[in-house]
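Trainee: Can you look at this prediction? I've put the sequence above it.
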Amino acid sequence: MAKTIEILVGTTAGNTEFLASELENELKQTGFQTRFHDLPSLAEVAHDQPWLICIATHGAGEYAESIAAFMEHLATQQPNLHAIQYAIVAVGDSSYDTFCKAGTDADTLLKFLGAKPVTELLTIDMMLDPEPERTAKEWLKKFTQVFHS
Ligand SMILES: Cc1cc2nc3c(=O)[nH]c(=O)nc-3n(C[C@H](O)[C@H](O)[C@H](O)COP(=O)(O)O)c2cc1C
């Protein structure tokens, strides 16, 4: 049976949701099933399937709106995530000192809770990258090859 990828979206203004939906299309085209969480919640995200987390940084290095409560719940409830394999696309803008901090904070938290990174975190610089979707799709191959083998 095809693996189901849980896609968790952290967006405030929509850029990251668009990026995540492009990655969802790519996953479907390469034989995966997906579940798209535009407002992730601990109760709804499966704990026995890989997580692909697409997360923007806002404020001064804070989690984007749609995923802030989810991250807060992870931090306070500290569920055991040993069964989770994950990868992170961190979206930001390099003109900020806190470039992609939400993504790197999420990475630290997931590792603390026992989750296993499948590949290195990707940072997307929305100020300098003319083709963020293309960059992310190229990186996605490293994620998918783990589950295709
Ligand atoms: C008010 C504001 C604060 C931001 N703060 C940061 C930041 O601290 N670090 C960073 O890397 N990017 C920061 N950004 C850039 C956003 O991450 C970038 O615009 C991204 O595309 C927003 O994604 P979204 O449309 O999915 O919310 C900020 C953007 C705004 C509008």
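Mentor: All right, it came through fine.

Trainee: hey, let's count contacts and neighbours off CA atoms from now on
Mentor: Fine.

Trainee: May I ask you to name the longest helix in this protein?
Mentor: The longest helix of the chain (DSSP state H) is helix 132-148.

Trainee: Just the helices from the protein, written as ranges.
Mentor: For the chain, the helices defined by DSSP H cover 15-29, 65-77, 101-112, 132-148.

Trainee: Buried deepest among these, which one?
Mentor: Mean neighbour count (mean count of other Cα atoms under 10 Å) peaks for helix 101-112 among these, with a mean of 20.

Trainee: Now do the phi/psi pair for the residue nearest to Gln78 when sequence neighbours are not counted.
Mentor: By the measure of Cα to Cα, 6 or more residues apart in numbering, the closest residue to Gln78 outside its immediate chain neighbours is Leu113, 6.5 Å from it. Dihedral pair for Leu113: phi -90, psi 0, per degrees, to the nearest 10.

Trainee: what's near enough to touch Leu113?
Mentor: Contacts for Leu113 were tallied using Cα atoms under 8 Å, 6 or more residues apart in numbering; they are Gln78, Pro79, Asn80, Leu81, His82.

Trainee: got the residues of this structure near the ligand?
Mentor: Neighbours of the ligand within the chain, by Cα under 6 Å from any ligand atom: 11-17, 56-61, 91-94, 96, 98-100, 126.

Trainee: List buried residues within those.
Mentor: Neighbour-count burial (16 or more other Cα atoms under 10 Å) is assigned, among those, to 11-12, 16-17, 56-58, 61, 91-93, 98-100.

Trainee: Let me know the pLDDT of the residue positioned nearest the centre of the chain.
Mentor: Centroid check for the chain by Cα atoms, centre = their mean gives Ile53 as the closest residue, at 1.2 Å. Listed pLDDT for Ile53 reads 98.
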